[in-house]
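got a sequence here, can you build the structure:
(one chain, ligands or ions: 1)
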Amino acid sequence: MSMKRRSAARECECLRALRSSAEDLYGWEVACLHASRHTDKRHQRNYIMMEMISELNNLSESRIVPVQVRGLMLGDGVPKICVPVVASDPEQLEKALTRLEGIRDFYDLVELRADICPFGGTRELSESLRRLRKAVGDKPILFTFRTKEEGGNREVSFDSYREMNLCAAQEGADLVDLQLSMMEGDRMSLLSDIHGRGARVIGSFHDFHGTPPADELVKKMAGMQMAGFDITKIAVMPKDREDVLELLFASVQMQEEWADRPFITMSMGSLGSMTRVCGTFSGSCITFGTIGGESAPGQLKAEVLRTVLPSLL
Ligand SMILES: O=C1C[C@@](O)(C(=O)O)C[C@@H](O)[C@@H]1O
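This next block holds a predicted model:
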């Protein structure tokens with residue numbers, strides 16, 4: 001167990017001890033109240049104890065408010081399966097869309113990975129979104145343009161990034177992924193502009209080279225939450241098993257102490273693939289699974305996820 005995890009475990013222990021002594025005292029106070037005449041001082045102490053217990057109880061309850069996108073409740077029940085759409089040319093894209101049409105039961109939502117698809121501009125993007133809508137029916141569509149420095153396929157200027165994301169929200173994407181790294185300075189207005197077009201926004205952070213410490217990951221997600229993203233997401237690369245545990249620990253911390261909205265976490269690569277099936281345990285509300293090409297290392301087949309997830313409650 002790392003130092004960090006050990007000290008967090010000690011914190012939990014202290015919290016539990018505090019709760020049980022508060023309960024003891026509360027019981028003792030009630031006994032006093034029954035046994036003797038009430039004084040202002042006793043009333044006061046009793047009130048403080050009750051407040052304290054309810055505070056402590058709140059801390060261990062999940063305060064996540066699910067996000068509804070079309071008919072799908074994100075952050076409620078079994079993690080939802082998101083299939084990325086990736087294609088190197090228009091022919092492959094058409095094949096992927098036809099496949100999606102035939103196996104709608106395997107997924108809950110789809111992600112159009114615009115950086116791994118053959119789009120020249122917003123006109124082609126709009127056409128593809130319309131075609132994708134026909135293929136997936138009423139399932140939610142997530143639009144993502146992942147930049148090169150966060151593991152994506154293409155470089156982009158902020159102006160084109162902005163234009164594409166606004167176009168996607170306008171043309172029927174239900175969710176849009178915005179990288180935190182693209183939102184510095186006065187760029188945050190993009191978030192409200194997308195909201196203004198009726199789409200929900202996932203704030204994302206990716207590290208394809210390593211796994212930052214759990215407290216940094218939690219801070220990132222809590223920060224995105226405060227900035228007004230509807231869902232937060234982190235994807236990190238493990239170098240060893242400790243890193244996978246670090247990601248899981250950050251997820252559990254997030255769920256137990258910070259999250260007021262759904263979040264998504266994963267440890268990538270084959271080492272981290274177990275994090276893609278344990279969302280019920282970690283609190284992650286979406287897992288990315290394939291029906292064709294993968295969009296990140298370590299993704300499992302959507303049909304495998306569909307079979308396994310319901311039995312991991
Ligand atoms: O951010 C994510 C998560 C992901 O990187 C993964 O590891 O499954 C895959 C991406 O397509 C998606 O946008």
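
all contacts plus neighbour counts: C-alpha atoms, from now on.
Noted.

residue 214 reaches residue 249, doesn't it?
Yes - with contacts counted by C-alpha atoms under 8 Å, residue 214 reaches residue 249, the gap being 6.6 Å.

what pLDDT, on average, does stretch 295-306 get?
The average pLDDT within stretch 295-306 is 97.

ends of that stretch, what's the gap?
18 Å (C-alpha to C-alpha, to the nearest Å).

buried stuff in it?
Judged by neighbour count (16 or more other C-alpha atoms under 10 Å), stretch 295-306 contains these buried residues: 295, 296, 298, 299, 300, 301, 302, 303, 305, 306.

now do it: everything it contacts.
81-84, 86, 106-107, 113, 268-273, 276-277, 288-291 (C-alpha atoms under 8 Å, 6 or more residues apart in numbering).

strands - which of the buried residues of stretch 295-306 land there?
In this view, these that belong to strands under DSSP state E are 300, 301.

so which of the buried residues of stretch 295-306 also contact the ligand?
Checking those against the ligand by C-alpha under 6 Å from any ligand atom, the ones in range are 295, 296, 299.

can you name the residue of the stretch 101-250 of the chain nearest the ligand?
Among the residues of the stretch 101-250 of the chain, residue 235 lies closest to the ligand, at 5.6 Å counting by C-alpha to the nearest ligand atom.

for that residue, grab the count of nearby residues.
By the criterion of other C-alpha atoms under 10 Å, residue 235 has 21 neighbours.

how long is stretch 140-149 from one end to the other?
By C-alpha to C-alpha, the extent of stretch 140-149 from end to end equals 27 Å.

and the helices in the stretch 201-313 of the chain?
Along the stretch 201-313 of the chain, the stretches classed as helices by DSSP state H, counting those that start in this stretch are 214-227, 241-253, 269-272, 279-282, 302-308.

residue 202 is nearest to which of the ones you listed?
Of all the helices of the stretch 201-313 of the chain, it is helix 214-227 that lies closest to residue 202, at 9.1 Å by C-alpha to C-alpha.

name the helices or strands packed onto the closest one?
strand 231-236, helix 241-253 (3 or more C-alpha pairs under 8 Å, 6 or more residues apart in numbering; DSSP states H and E).

want to throw the ones you listed into CSV with mean pLDDT?
Shown next, in CSV, are the helices and strands packed on helix 214-227 (pLDDT from 0 to 100):
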stretch, mean pLDDT
strand 231-236, 98
helix 241-253, 98
